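Colleague: Take this sequence and fold it.
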Amino acid sequence: MEQEVDKTGLNRVTVFIMDHPWWMIVFSMGIALIMTISCAGFDFQYDSTMGSFVVREGKTANQIEGMQMVFREEGYFDKDSYQYSLEEKAQQSEPVGGVSFYYECVDCDNLFTKEHLQKIYDFEQDILNDEQYKDFCFIIGPDTCYPPTTGINFFFDEDGNMVDDIDEAAKTLYNDNDGYTRTEVCDKNFEEDTLKVKYLMSSFLFAYPLEGYKNKDDNTDDQDQKYEEWITDLVPNLTEDANSDNFEILYLGTGITEIAVSDLIVHDTVLIVFSIAMVYIYTLFHTKSLVLTCLGILHVLLSLPMSYFFYVAVLGVEWFSMLNFLSLFVVLGIGCDDIFIMLDAWRQSEHQKNGVSKNKYTRMHWAYNRAATTMLITTLTSAGAFFGNVASTIPPIRWFGVFTGMAIVFNYLMVITWFPAVIAIWDRDGAGQCCCGSCCKCSKKKKKKKVQGDDLDSSDVELEQNKSSKKKKKTKGSDDKEDLEDLSSSSDTSSTSDSDDDSKTSKRQKKKKTANNQNFDVEGLRFLEKYFYKYHASWIKKYRWAILIIFAGIIIGFGIQASKLEPSEEPAEFLPDDHFLMRAINIGTDQFMSSVVVSTVYFQWGVKSIDRDGVDPLEVEDLGKVIYNDDWEPNRKTSQEWVIEVCEDLREKYEGTVFRDGQITCFMEDFRDWVTNDTLSGGSYTFPVEEDQFQGLLGEFTNYAKVNIFPEDVENEVTPLSNFYGNTVAFDKEDDHLLQYNIQFNLVADAMAVAKTLRPIYDDLEEYISDLNKNAPEGMDMAGNVSWKWMEMLTEEVLINVALTTIFVSLAVAFVIIIISTDNYITSFLAILSIGGVVVTIIGMMVSLGWSLGAVESISLTVIVGISVDYIVHFCHAYNIAEADTAFEKLRIAMTNLGISVVSAAITTLMSAFVMFFTYVLFFKHFGIFIWMTILSSVFWSFIFFFTLLVFVGPTGDKGKVTLLFKKIFCKAKYEDYLKKKNSKEQTNDSKSSNSSRSSQAGIDDNDLKDIEDDKPSVITLDNTQQKKKKKKKKKRSKKSRVF
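Modeller: This next block holds a predicted model:
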């Protein structure tokens, strides 16, 4: 029969958990599983290209994306009047991309050798002769594919035989087509006097619609799948067969590059499994239970799909950014931290005094209250820091903050419902003392286990009470009498005691008092807990001045380094330089003149902005609704002439300096030449044309340019009017009225230029276009300076600004949460000071490692406070609730209670991030390094610097209380009333302390005195004879004292 347990005053939640743990498990896990299973019904849309990773607000963003929407959804004038309508197209007549191959001479300087040329020729013939090649090539005639762009045909005849004179063939290649082919296929170091190349290039063009489809937009996913299956099966196998020690083929292209990148991301994602495994192993080591480890890690992992459910079902965000995968590493660290805090609190409750270890109900009450409060504070600070990213104008960062913050919140809800119930069931039959959960019986440990209320049945309780009663009767009868006599006599003769004996007694009493005042049994603690209690705290106190000086040097040194942090002058790299994709990109951009990627700037008229109401910011394709400028007057003759004047002025001011020579595309100049040519326009017109004729003639002009690209003039590859106007002039698809036009020019600046380089160019052009609009004729004063490069520049700048702003905002939020939860401005200030030290240290380390503030570093800095705040806030709260009279004792208790949990949390976070060192994607690798720096710095500052500050100025009692300060300033009456109550309480405590001191001098501790008081009839009842003897002894002692 179970003993009845008194549950009065206990937390209702903990009582319910202990009485009905299975109900709590079913409730919490049921909700988690419902949310998780529901996620399977969502349309998971993954942004692997990070196309949404741009600023989506502001004039520049709205105009460039508005212009993009115009040309995507609208288009050419009178579409049905020419052969390339949106209806059915000829099979494989619409080019959709191609693949470029780069041939490298490894450890040599010339590919124009028989061996290398033969390998290249065989490789290209293998592609051309593949049985499926004609199913995907760009068809230019009956059973005829568009030939690849290559220089290898100069070295072989039609029968596939290599020419005898390779140098002569190389000369022919050099001089072919005025050097056009040379720049397409040979590296830029190819010279006529040397005739050597280290790199060659060839490219193959592919087209849709495939057989069975109407056009390239007809069921594009199916067409893409067929093409990708073919190209990804063919090319890697052919390149692997052709490569050798001194020859290598690299490739980039439509479909195959995307697949390669996806494979890399899959590889890096698979490493998550190893991360979880490493965390699992250490958690098992800490908990020493398979049950707790499995079920604890389970609820941590479930917090992610729960967050995803909220992300989609509640917030309505369907697109999932690659950045969100980083949440796993953050949540793993925080989740395991919470597991350790809850479990360690439960284990420590067994060694607590003051009635805490009385039974499992009181233990859970104490452990749950301490752990839940501690975790609530860190959950609010960490989640609050991540929620701070909501202010970001870059959607992936904004929603990464929301997703991670919600995952932290759901993890907290699970750890205060699911996990305590798991502990209750696990520990019910003594399994909590075992190394493997409920799978073993620790009989030896059970024998040694302290007798506690609900751990014994009624017979055991009765037996223990009988034994205790007999022992008391046997020992207390004589001992307690002597103790009382000593107590009585010592009160009268304390002034006559020997000084040396008093000194020894005082030391013994002080030591005994310190031991009795502890709220826990020190000897029952684990190794690390004992270390913190006995050694670490004493070490901090002993060397506090030296530590303070050292950290002052650290903060000054890293502060100086942090002040040197500057925006990056190099673009962020996606992959390491030795990866084959990155090598192909670098060879293409660095070695081939024709492969130079340019940045195009548009001066556009017509698009005013874009309406994004109801738009999912992470969905790349859903940009919003275009807002057009109603005041635009493009038909006027003055408007036509104005565009040409702008083109001429741009050439005069910027060509060769800001814009590349000959790369300013002015559609109005070509329109003027076309419309005044009777043969081309089919009529006699003058420029500028009449207002009522302008839009019709401009539409015919753009149709002419479109139709004459392919296929009639395909042999010439281009016509004078080709490919300039596909994204230059746009008409409404309903009524053919003009919506937008622009002039284009390519920047001299490298396409990979960073914000620091682009900002002066942008500001210069903004000033120019502002003056342009001031002097423009009526209806043309709304020109916009737009470019995707400006979007990238603004994104990079926003990242930098948001990173620094987020740090300060997160620190402010953390301070508010800490000061509200602890009600102490001193510990709150010390905590924020320590967290600030972590931030400065990390930024200083970044500069010391040679890092600059680029996109990757900026993203990392946005989460720095969210990751680093946990440990210091844990100790801040633990110190605040510790019951002790001195700062040092409070510090020791805080260390002992939470030190082991924080150490384990740090180790699991480090282990989870360790696998990121082995990823291909540099962003993941840098983020892993960043987590390591953050965690190590947080441990360093919290375990040493923060503790040292507490030793110096750690508050005790009511010192630093915010509510008390508020009363003192604003409610003086309440403050005076508080002081009266405090003085009265102190007097009462002094009286109790005096009685306790007298008892301790008699060798009786508080527990013995209580036992004596409870057993007065049998222990301390004295008859008259005994009282007389006692008085005689008293007189003798008094005489002796007078003699001396």
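
Colleague: contacts and neighbour counts: CA atoms only from here.
Modeller: Noted.

Colleague: Do me a favour and average the pLDDT over the lengthiest strand in the chain.
Modeller: Taking DSSP state E as the criterion, the chain has its longest strand at strand 94-105. For strand 94-105, mean pLDDT rounds to 90.

Colleague: what do you get for stretch 863-876?
Modeller: Mean pLDDT, computed over stretch 863-876, is 83.

Colleague: From Thr862, how far out is the most centrally placed residue in the chain?
Modeller: Nearest residue to the geometric centre of the chain (Cα atoms, centre = their mean): Leu326, 4.9 Å. With distances taken as Cα to Cα, to the nearest Å, Leu326 is found 13 Å from Thr862.

Colleague: Helix, strand, or coil at the residue nearest to the centre of the chain?
Modeller: Following DSSP: H, G, I helix; E, B strand; the rest coil, Leu326 is assigned to helix.

Colleague: And it, how far from Gly66?
Modeller: For Leu326, the distance to Gly66 - Cα to Cα - is 32 Å.

Colleague: picking up where we left off before, what lies in contact with the longest strand of the chain?
Modeller: 111, 120, 138, 198-209, 215-216, 246-254, 256, 584, 587-588 (Cα atoms under 8 Å, 6 or more residues apart in numbering).

Colleague: Type out the ChimeraX command that picks the buried ones from the residues you listed.
Modeller: Buried subset of the contacts of strand 94-105, written as a ChimeraX selection, criterion 16 or more other Cα atoms under 10 Å:
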select :111,120,138,198,199,200,201,202,203,204,205,206,207,208,209,215,216,247,248,249,250,251,252,253,254,256,584,587,588
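
Colleague: Please flag which of the contacts of strand 94-105 sit within strands.
Modeller: 199-208, 247-253.

Colleague: Point out the other helices and strands that whichever strand or helix holds Glu229 packs with.
Modeller: For Glu229, the host element (DSSP states H and E) is helix 220-242. Secondary-structure packing of helix 220-242 (3 or more Cα pairs under 8 Å, 6 or more residues apart in numbering; DSSP states H and E): helix 114-128, strand 247-253, helix 256-287.

Colleague: all strands of this structure, in order?
Modeller: Ranges of strands in the chain, per DSSP E, are 45-47, 94-105, 139-141, 144-145, 199-208, 247-253, 319-321, 600-605, 607-611, 625-628, 659-665, 729-731, 738-747, 784-786.

Colleague: Just send those back as a markdown table, with distance to Lys774 too.
Modeller: Shown next, in a markdown table, are these (distance: least, Cα to Cα, whole Å):
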| stretch | distance to Lys774 |
| --- | --- |
| strand 45-47 | 42 |
| strand 94-105 | 42 |
| strand 139-141 | 49 |
| strand 144-145 | 53 |
| strand 199-208 | 46 |
| strand 247-253 | 45 |
| strand 319-321 | 42 |
| strand 600-605 | 15 |
| strand 607-611 | 17 |
| strand 625-628 | 20 |
| strand 659-665 | 23 |
| strand 729-731 | 24 |
| strand 738-747 | 18 |
| strand 784-786 | 13 |
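
Colleague: Which one of those strands lies nearest to Ile644?
Modeller: Judged by Cα to Cα, the one of those that comes nearest to Ile644 is strand 738-747, at 9.6 Å.

Colleague: so where's the stretch 351-500 of the chain uncertain?
Modeller: 429-500 (pLDDT under 70).

Colleague: Can you identify each of the helices in it by residue range?
Modeller: Secondary structure of the stretch 351-500 of the chain, counting by DSSP state H, counting those that start in this stretch: helices at 360-387, 395-415, 418-426, 443-448, 458-493, 499-517.
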